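> one predicted model, sequence on top.
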Amino acid sequence: MDFTIWFLLGAALVFFMQCGFAMVESGFTRAKNAANIIMKNLMDFCFGALCFVILGFSIMMAEDYLFGFIGVPNLGIFTDYANFDMQSFVFNLVFCATASTIVSGAMAERTKFSSYLIYCIVISLVVYPIEAGWIWNPNGWLAQMGFIDFAGGAAIHTVGGLSALIGAAFLGARIGKYTTNKEGKVVKVNAIPGHSLVTGALGCFILWFGWYGFNGAAATDTNQLASIFLTTTLAPAFATIATMTYTWIKNGKPDVSMSLNGSLAGLVAITPACNNVDALGSIIIGIVAGVLVVVAIEFVDLKLHVDDPVGAVGVHFAYGIWGILAVGLFAKPMTVGDWSVDAAGLFYGGGFKLLGVQALGLLAVIAWTTVTMVITFGAIKKVRGLRASREEELLGLDSTEHGIENAYADFLPIAHPELDIIEGGKKKKSTPVIPVSVEKAVEITNTATGSPGTLTKVTIITRQSMFEPLKQVFDQIGITGITVTNVLGYGSQHGGHKYRGVEIDSQLLPKIQIDVVISKVPLDTMIQAVKQVLYTGNIGDGKVFIYDVKNVIKIRTGEEGYDALQDAAIGDE
């Protein structure tokens, strides 16, 4: 077998993993950000290529390597192309892109696109090439010590996962993810489900497929490649079983999305050890990863209160660490045909030497990544700003960052009148157009008598983006029982966006209709609160309809009227 060809085919499989990351991240987040996710996964590879050509590859793999720390840039790709190591360049480039794209999922749905590109440039230009050179350049100081990271548990996954943790912490949580009290303490963690579990699962399968290239591309012997394929299969398989079983016992039902994370955790954990462990070692590594991935993801979310929509920190950071340490425990000397490995871990007679080297290398990579990423994200936040505005986040980054109404255009006619208004055939910006009074912007139609003791139904029709602000103000005034319906409105105001340079018009506008029946909460209090939230000064902020309700009957208890709206579990409606 020509392993030069396999080396490049393996690199192509790793490139295809960009598709897997894009599918996992878009599926685990909301549809209004799907195009933004795809764009980030496309551009972090493209900018990674740019940076690797200019500087990254030279300082990572140069033969002139200073003090085991950094290569001397020689720009051989431009000055001596005929003798340039093209195979190594392509191979290391696709791995660099993987380290970069891991961060995208943890910072999804609220990051400025331009700021994300700046991060991509920094990690691809300097951060990744330097620490990966320590490990994979034969002259790197960790390589000289015997540090083993065959396919990138530390160099890629620990770096990407830790960068994701730091970036998400700097960025802050998505709107509505955590409920806080007046002191700012988190009192409730809210789930924000992704829009397509099917898309996420497709991404998981693509990543698993690509991982055979990720782990196996550097193999130089048929027996070695077969062993790597075997360990790369067993670890995620047993990890997924462990995750499914653990969540089934813990929650009463097997968790689908967490099981997908379990597969990825097993793949990450076996990555550094795939060449140095046997079947039993890979199974143990996978089972540990499968159980602890649930613990790690929930710890980040429930205890640290760092919002990571796809579980990138738990999967990549935690199990990059576990995989590196597992080498020091389960590395087994083996000889199969012409292929052999000599390193021995703690459980195979090697003592603590290899485990100590693994721990030292891991600490060095974590320290380097922490320092550089804190500086990077801190500088971006101060100079450029990391986070999209509240309005942009609520509307979705597809629309505000890329001018795309909906990544699934054939499935939902959608336009945002709050962004653009068409008047007389001409497009005008509406932030704001001409400020008008709150009475004109938020129209109130009141047919209720308002007599004491009556039940009153309030129907609010407004933009979809206003749901979270309205929900928060309802909680504050004591309204916790509402009905929400997605509706489409038709009117003279309609949105206009461009697709491939051609303007898209739609007269069907996406709205939400919120219905609530109140009895104890004063009507005036509710109306003033609604006006305060909805008012922006533009015509079309919303409409409120108020009606008398003859009676309310609670089916479960038979209570009627005022009593039917009081419930210990729900609160006053």
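Arrived safely, thanks for sending. Numbers count the residues shown, from 1 in each chain.
> all helices of the stretch 451-573 of the chain, in order?
Secondary structure of the stretch 451-573 of the chain, counting by DSSP state H, counting those that start in this stretch: helices at 467-477, 523-534.
> any idea of the mean pLDDT in stretch 354-374?
Per-residue pLDDT over stretch 354-374 has a mean of 97.
> neighbouring contacts of that stretch?
Contacting residues not belonging to stretch 354-374 are listed as 122-123, 126-127, 130-131, 134-135, 142, 145-149, 154-155, 158-159, 162-163, 166-167, 321, 324-325, 327-329, 331, 343-346 [Cβ atoms under 8 Å, 6 or more residues apart in numbering]. Where you see a C-beta, it was placed from the backbone N, CA and C, and this is true even at glycine.
> one more time with 7 Å
127, 131, 142, 145-148, 154, 158-159, 162-163, 166, 321, 324-325, 327-329, 331, 343-346 (Cβ atoms under 7 Å, 6 or more residues apart in numbering).
> also stretch 115-134?
Contacts for stretch 115-134 (Cβ under 7 Å, 6+ apart): 40, 43-44, 47-48, 51-52, 55-56, 59-61, 70-71, 96, 99-100, 103, 140-142, 155, 159, 163, 167, 365, 368-369, 372, 376, 380, 384-386.
> can you check stretch 13-23 too?
By Cβ under 7 Å, 6+ apart, stretch 13-23 touches 37-38, 41, 45, 94-95, 97-98, 101, 199-200, 202-203, 206-207, 210, 212-214, 217.
> list the buried residues in that stretch.
Buried residues in stretch 13-23, counted by 16 or more other Cβ atoms under 10 Å: 13, 14, 15, 17, 18, 19, 20, 21, 22, 23.
> I'd like the average pLDDT over that stretch.
96.
> over to stretch 396-405?
Average pLDDT, stretch 396-405: 88.
> and for stretch 55-67?
Stretch 55-67 shows an average pLDDT of 89 in the prediction.
> list the buried residues of it.
Within stretch 55-67, judged by 16+ other Cβ under 10 Å, the buried ones are 55, 56, 57, 58, 59, 60, 61, 62, 65.
> mind checking which of those residues land in helices?
57, 58, 59, 60, 61 (DSSP state H).
> format the residues you listed as TSV; extra columns: distance to residue 27.
Shown next, in TSV, are those (distance: Cβ to Cβ, whole Å):
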residue	distance to residue 27
57	33
58	37
59	36
60	32
61	35
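> pLDDT below threshold where in the chain?
In the predicted model of the chain, residues 1-2, 409-453, 490-508, 538-540, 567-573 satisfy pLDDT under 70.
> what ranges do the strands span in it?
65-66, 70-71, 178-180, 186-189, 334-336, 339-341, 420-423, 426-429, 442-446, 455-463, 483-499, 502-518, 542-549 (DSSP state E).
> ok, the last one: who's next to it in the sheet?
Meaning strand 542-549. According to DSSP bridges, strand 542-549 forms sheet pairs with strand 442-446 (parallel), strand 455-463 (antiparallel).
> re the thing from before, would a markdown table of the buried residues of stretch 13-23 with distance to residue 266 be doable?
A markdown table is the format used below for these (distance: Cβ to Cβ, whole Å):
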| residue | distance to residue 266 |
| --- | --- |
| 13 | 18 |
| 14 | 18 |
| 15 | 22 |
| 17 | 15 |
| 18 | 21 |
| 19 | 20 |
| 20 | 15 |
| 21 | 17 |
| 22 | 21 |
| 23 | 18 |
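> closest to residue 180 out of the residues you listed?
Closest to residue 180 out of the buried residues of stretch 13-23 is residue 21 (31.4 Å), distances taken as Cβ to Cβ.
> and the gap between that closest one and residue 212?
Going from residue 21 to residue 212 by Cβ to Cβ, to the nearest Å gives 16 Å.
> ok so, going back, next step: the buried residues of stretch 13-23 restricted to helices.
Residues of those located in helices (DSSP H): 13, 14, 15, 17, 18, 19, 20, 21, 22, 23.
> and the last one, how far is that from residue 239?
Relative to residue 239, residue 23 is positioned 20 Å away (criterion: Cβ to Cβ).
> show me how to select, in PyMOL, the buried members of the contacts of stretch 115-134.
Those of the contacts of stretch 115-134 that count as buried under 16+ other Cβ under 10 Å are selected in PyMOL with:
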select buried, resi 40+43+44+47+48+51+52+55+56+59+60+61+70+71+96+99+100+103+140+141+142+155+159+163+167+365+368+369+372+376+380+386
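> out of the contacts of stretch 115-134, which sit inside helices?
Among the contacts of stretch 115-134, the members found in helices (DSSP H) are 40, 43-44, 47-48, 51, 59-61, 96, 99-100, 103, 141-142, 159, 163, 167, 365, 368-369, 372, 376, 380.
> next, count neighbours for residue 555.
Residues lying near residue 555 (other Cβ atoms under 10 Å) number 7.
> tell me how far it lies from residue 520.
Taking Cβ to Cβ, one finds residue 555 at 21 Å from residue 520.
> show me which of the contacts of stretch 354-374 are buried.
Using 16+ other Cβ under 10 Å as the burial test, these include 127, 131, 142, 147-148, 154, 158-159, 162-163, 166, 321, 324-325, 327-329, 331, 343-346 as buried.
> so residue 223 sits against residue 339, correct?
Yes. With contact defined as Cβ atoms under 7 Å, residue 223 and residue 339 form a contacting pair (4.4 Å).
> picking that back up, name the nearest of the buried residues of stretch 55-67 relative to residue 476.
So of the buried residues of stretch 55-67, ranked by how close each gets to residue 476 (Cβ to Cβ), first place is residue 56, at 50.4 Å.
> hang on, the closest one packs against residue 93?
No. In this structure, residue 56 is not within contact of residue 93 by Cβ under 7 Å, at 8.1 Å.
> quick one, phi psi at the residue nearest to residue 58 when sequence neighbours are not counted?
Of all residues not flanking residue 58 in the chain, residue 73 sits nearest, at 3.8 Å (Cβ to Cβ, 6 or more residues apart in numbering). In terms of degrees, to the nearest 10, the main-chain angles of residue 73 are phi -60, psi 130.
> these two touch, right, residue 73 and residue 55?
Yes. In this structure residue 73 lies within contact range of residue 55 using Cβ under 7 Å: 5.8 Å.
> against residue 56, how distant is the nearest residue to residue 261 once chain neighbours are set aside?
Leaving aside its sequence neighbours, residue 261 sits nearest to residue 311 (Cβ to Cβ, 6+ apart; 4.7 Å). Using Cβ to Cβ, residue 311 is found at 28 Å from residue 56.
> can you check residue 518 too?
Separation of residue 518 from residue 56 (Cβ to Cβ): 61 Å.
> same thing with residue 9?
23 Å.
> and if you look at residue 180?
41 Å.
> ok, now residue 131?
12 Å.
> so what's the residue nearest to residue 58 up against?
55, 58, 59, 62.
> ok, those residues vs residue 113, which is closest?
residue 55 (23.3 Å).
> ok, and the closest non-adjacent residue to residue 241?
Per Cβ to Cβ, 6+ apart, closest to residue 241 is residue 290, 6.8 Å.
> list the contacts for that neighbour?
238, 239, 240, 241, 242, 243, 262, 265, 266.
> let me see the contact set for the first one.
If I follow you right, that is residue 238. 266, 283, 286, 287, 290.
> and the gap between the nearest residue in space to the first one that is not next to it in sequence and residue 357?
Going back to what we said before, that points to residue 266. Nearest residue to residue 266, sequence neighbours excluded (Cβ to Cβ, 6+ apart): residue 239, at 2.7 Å. For residue 239, the distance to residue 357 equals 25 Å [Cβ to Cβ].
> more crowded one of the two?
Legend: neighbour count by other Cβ under 10 Å for residue 239 and residue 357, higher for residue 239 (33 against 18).
> so that one makes contact with residue 264?
No. Using Cβ under 7 Å, residue 239 is not in contact with residue 264, being 8.5 Å away.
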